[in-house]
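**Q** Let me see the structure of the following:
(one chain, ligands or ions: 1)
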Amino acid sequence: MSFSHVLASGRPLDAIDLDGFRAGMRAWASGVTVLTTGHGDRRAGLTATAMCSLSAEPPRLIACVNQRGPSFTLMRETGHFVVNVLAQEQANIAACFASSKDVDRFAIGVWREGDYRGAPVLEAALCCFECAIAEIVDAVSHGLIIADIKTVHVSDGARPLLYAAGRFSKLEDETIDPRHSFYF
Ligand SMILES: Cc1cc2nc3c(=O)[nH]c(=O)nc-3n(C[C@H](O)[C@H](O)[C@H](O)COP(=O)(O)O)c2cc1C
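**A** Numbering: from 1, shown residues only. I've put the predicted structure just below:
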C-alpha cells in the first residue's frame, strides 16, 4: 500500500526535548495490544499501546507503528491486521511481542487464524478487532494506520492489561465514582 500523505520531517525549533516527551508520555496510562498480520509461517506482530478509536460510524481505529520493523512491512504488504487487546494475565505476551525479533513471538499463547483474512487472533484476548487498512500516513519514524474494523470478538468477564509509568499493571477499581461514568 502506498502512503496517502506524508508528514513534514523537520523538527520545529520550539519543540520539546526527548526527556520531556518521554516524561509526559510515561504519565499516559493505556491498554495494551498486540497487532498481528500475515498467516501460516509468514506472520508478524508487535506490542503496541498507540491504538485508539477513530469513529463509530464508520467503525474505524488508528494504530501507530514503527516503519523500520518487520511487522509494519508485512502489514503494509497484506493490507490488514488484527488488534488483540490483552487481558491482565497476558503481560508475558506483551513482553514477548516487544522483545528480540530472534524469538518466535507466537510460541506463547493460543493463536488461531482470524475469520476475515486469516491473520493471527489470540484466543484468550480481552477483545480482537480484525481490520482492513484504509490509509497509512507516513509520519516520519512511524506509520499512522487508519483501519476499517471488519470483525470484533469480545471475551466476557476478562479484565484489561494496563501500561503506565513504564510498567504493566491491572485495574484496581471498576469505577472511582459512579456519577462519573461515561460511555461513548
Ligand atoms: C508497552 C509497549 C508499548 C509499545 N507500543 C508501541 C507502539 O504503539 N508502536 C510501535 O511501533 N512500537 C511499540 N512498542 C515497541 C514494539 O513493541 C517493539 O519495538 C517491537 O520489537 C517491534 O516489533 P517489530 O520490529 O517486529 O515490528 C511498544 C513496546 C512496549 C513494551
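**Q** Just give me the neighbour total for whichever residue of the chain sits closest to the ligand.
**A** In the chain, the residue found nearest to the ligand is G69; the distance is 2.4 Å by C-beta to the nearest ligand atom. In short, each C-beta sits where N, CA and C put it, glycine included. Number of residues near G69 (other C-beta atoms under 10 Å) recorded here: 13.
**Q** before we move on, what about the one 3 residues further on?
**A** Taking other C-beta under 10 Å as the criterion, the count of residues near F72 is 23.
**Q** How about V6?
**A** The number of residues packed near V6 is 10, by other C-beta under 10 Å.
**Q** Not counting sequence-adjacent ones, nearest residue to it?
**A** Using C-beta to C-beta, 6 or more residues apart in numbering and skipping the chain neighbours, the partner closest in space to V6 is D138 (4.4 Å).
**Q** what pairs with the one you found across the strands?
**A** Partner residues in beta bridges with D138, using DSSP bridges, are V6, G143.
**Q** tell me which parts of the protein are close to the ligand?
**A** Contact residues, the chain versus the ligand (C-beta under 6 Å from any ligand atom): 32, 44, 46-50, 64-66, 69-72, 97-98, 101, 163.
**Q** about what we covered before: return the residues in contact with the residue nearest to V6.
**A** With contacts taken as C-beta atoms under 8 Å, 6 or more residues apart in numbering, D138 has the following neighbours: F3, H5, V6, L7, Q67.
**Q** farthest-separated two in those?
**A** Pairwise distances among the contacts of D138 were taken by C-beta to C-beta; the largest, 14.1 Å, belongs to H5 and Q67.
**Q** that older thread, helix or strand for the residue lying closest to the residue of the chain closest to the ligand once chain neighbours are set aside, which one?
**A** Excluding the flanking residues, the one nearest G69 by C-beta to C-beta, 6+ apart is L46, at 6.2 Å. Here L46 is covered by strand 42-48, with elements defined by DSSP states H and E.
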